[in-house]
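Trainee: can you look at this prediction? I've put the sequence above it.
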Number of protein chains: 2
Amino acid sequence: MTGPHRVWKFGSDIDTDALAPGAYMKLGIEGIAPHCLEAVRPAFAAQVRPGDVIAAGPGFGIGSSREQAAGVLRHLGVAAVIAPSYSGLFFRNAFNLGLLLLTCPQAGRLAEGDAVSIDLERLAVVTASGQRLPCEPVPDFLLDMVRAGGLFQLLQQRFATDKTPENP
Amino acid sequence: MTGPHRVWKFGSDIDTDALAPGAYMKLGIEGIAPHCLEAVRPAFAAQVRPGDVIAAGPGFGIGSSREQAAGVLRHLGVAAVIAPSYSGLFFRNAFNLGLLLLTCPQAGRLAEGDAVSIDLERLAVVTASGQRLPCEPVPDFLLDMVRAGGLFQLLQQRFATDKTPENP
């Protein structure tokens, strides 16, 4: 169980251009991050704190294939996104970069400023009043990526472990 | 441009248990395939032909994380799934196994038995009457997986190529 996490509430169909605006793509993650979601919530990038979570409507991450859309959320310290559905491509990119996405049909019940906990073992979002919002299962190989900080880091760890002589 | 592909039409939220029924999971892909989608369309597995495509509503592939849900469609020769949205996990598994998923907001315009072509270069489904239904972009690294037959085969090819002395 992790948390409490502060909730930032967004609507449906938040697209990759809102997350990583095209105008700043050349600047790299550090340069894009201050503009993350500015078209929807100008204060978000400046005010989000590490460990905060995003609750949103269906279709989160639709649009282009740009990996930076997930990368900026990780860079800003967003602990998880909680939404009923995602773009398939965004879902793939996010876990590769170590960003946890929870597929939560009842995400709409969360409100701005709520304090929630995340029960990763039984896959639910738990509100301050103890209400449990169940989430779709996340297989271990994806949770391993999140714990490691991304696919690249996970592979680095695994190869490093395999090379350690003490390790059978 | 590939096709013509015959369309099998399905509704929304086709889940992984409909695709790969739990009762047959121990039998492996060959054993599960004859039961693919039997709860929704009993004749599907026996009558689908290699090169056919599935057109479906939103939420295709929701449910469990079982990879066999995508594996059986590949095994039966399904050339592509065309739907407005997918479970993020199914999307990840499908491309890993070489199954093409087209995210097509207007998939609902396709009807059972339609003959469609797929324009992979400009990402559209083209009906027999020439109507173009645009699809979301698919990045090259995912199309490479589909062309190779899956992530595993793609990596095998790449490593094999790297080892070929004639290859710079």
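Mentor: Ah, there it is. What you are looking at is a predicted structure, and each value in this text was computed from that prediction instead of being measured.
Trainee: which other helices and strands contact the lengthiest helix in chain A?
Mentor: Secondary structure of chain A per DSSP state H: the longest helix is helix A:151-163. If you count contacts as 3 or more CB pairs under 8 Å, 6 or more residues apart in numbering or on different chains; DSSP states H and E, helix A:151-163 packs onto helix A:88-96, helix A:140-148. C-beta here means a position set from N, CA and C on the backbone, and glycine is covered the same way.
Trainee: please identify the most buried of those.
Mentor: helix A:88-96 (a mean of 26; mean count of other CB atoms under 10 Å in any protein chain shown).
Trainee: could you give the mean pLDDT of the helix or strand that it is followed by?
Mentor: Later in the chain than helix A:88-96, the nearest helix or strand by DSSP states H and E is strand A:100-103. Across strand A:100-103, the average pLDDT comes to 97.
Trainee: got it, and stretch A:30-48?
Mentor: 97.
Trainee: okay, and the helix or strand of chain A with the least pLDDT?
Mentor: Every helix and strand of chain A was ranked by mean pLDDT, DSSP states H and E. The lowest is helix A:151-163, at a mean of 82.
Trainee: could you check the angle helix A:88-96 makes with that helix?
Mentor: 40 degrees (axes from the mean of the first three to the mean of the last three CA atoms, to 10 degrees).
Trainee: next one: helix A:151-163 to chain centre, how far?
Mentor: 22 Å (CA atoms, centre = their mean, to the nearest Å).
Trainee: mind listing what's buried along that helix?
Mentor: A:151, A:154 (16 or more other CB atoms under 10 Å in any protein chain shown).
Trainee: so it versus helix A:140-148, what angle?
Mentor: 90 degrees.
Trainee: export helix A:151-163 to CSV, keeping only CA atoms.
Mentor: Extracted in CSV, the C-alpha atoms of helix A:151-163 (Å, rounded to 0.1, in the frame of the first residue of the first chain):
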residue,chain,number,x,y,z
LEU,A,151,12.3,-1.5,-18.9
PHE,A,152,15.8,-0.3,-19.5
GLN,A,153,16.7,-0.1,-15.9
LEU,A,154,15.0,-3.5,-15.3
LEU,A,155,17.2,-5.1,-18.0
GLN,A,156,20.3,-3.4,-16.6
GLN,A,157,19.5,-4.8,-13.2
ARG,A,158,18.9,-8.3,-14.5
PHE,A,159,22.1,-8.4,-16.6
ALA,A,160,24.0,-7.0,-13.6
THR,A,161,22.6,-9.7,-11.3
ASP,A,162,23.4,-12.4,-13.8
LYS,A,163,27.0,-11.3,-13.9
